[in-house]
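>>> Could you work out the structure for the sequence below:
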Amino acid sequence: MNKKITTPITEEVTRNLRAGDYVYLTGSIYVARDAAHKRMIEALQKNERLPIDIENATIYYMGPSPAREGRPIGSAGPTTASRMDKYAPTLLDLGQRAMIGKGKRTEKVIEAIVRNKAVYLAAIGGAGALLSKCIKKSEVICYEDLGAEAIRKLEVEEFPVIVVIDSEGNNLYETAILEFCE
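Modelled structure (predicted):
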């Protein structure tokens, strides 16, 4: 089913998403990869505030290429999500509602998704140039010294993703294989 969603994504929204749904996101999302996630967790361990409002946030696992003239961002394809798996449960427990990446997630992340009524969304790998056309604005928010791994705030319009793991733990990677093998 196709769904158009405006961020922030709330629990009410995630409860109505099912694995396999096509979603078009419009609004603000954050970009963060491994190094930024590590810094956020270190900040929490020092009882410091996170540099972003994590409540109902969507974090896209992506490191953009440099923007061409006249564009807010370069190619913007997803990063393998499992690289964030050691950090994701903590952020989900703090209220993060959605993650965008590619590839499978660990059982601990899936448990945190279900516990927090969150979702894992996949963007299509290899389509970074096309995905960048849905990004209308890109602004570095913090950790500028990390370069492409700095935390950015993006304004997106009808950014296409697929629900891979829904708030009930249904996993498209598992169900699609079963359907194919039948």
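
>>> what about stretch 156-175, how long is it end to end?
From its first residue to its last, stretch 156-175 covers 29 Å (C-alpha to C-alpha, to the nearest Å).

>>> buried sites along it?
By neighbour count on 16 or more other C-beta atoms under 10 Å, the buried set for stretch 156-175 is 156, 159-167, 170-172. The way it works is simple: take the backbone N, C-alpha and C, and place the C-beta from them, glycine included.

>>> Residues in contact with that stretch: which ones?
Residues outside stretch 156-175 that contact it (C-beta atoms under 8 Å, 6 or more residues apart in numbering) are 4, 11, 14-15, 17-29, 100, 104-105, 110, 113-114, 117-124, 131, 134-136.

>>> so where's the protein uncertain?
Within the chain, the set of residues satisfying pLDDT under 70 comprises 176-182.

>>> Identify the residue nearest Val13 in space, chain neighbours excluded?
Ile5 (6.0 Å; C-beta to C-beta, 6 or more residues apart in numbering).

>>> Strand partners (parallel or antiparallel) of the helix or strand hosting the one you found?
With secondary structure defined by DSSP states H and E, Ile5 is part of strand 2-6. Paired with strand 2-6 in the same sheet, following DSSP bridges, are strand 22-31 (parallel).

>>> mind listing what's buried in the strand it pairs with?
Quick answer for strand 22-31 (16+ other C-beta under 10 Å): 23-26, 28-31.

>>> quick check, nearest of those residues to Leu44?
Nearest to Leu44 among the buried residues of strand 22-31 is Tyr30, at 15.9 Å by C-beta to C-beta.
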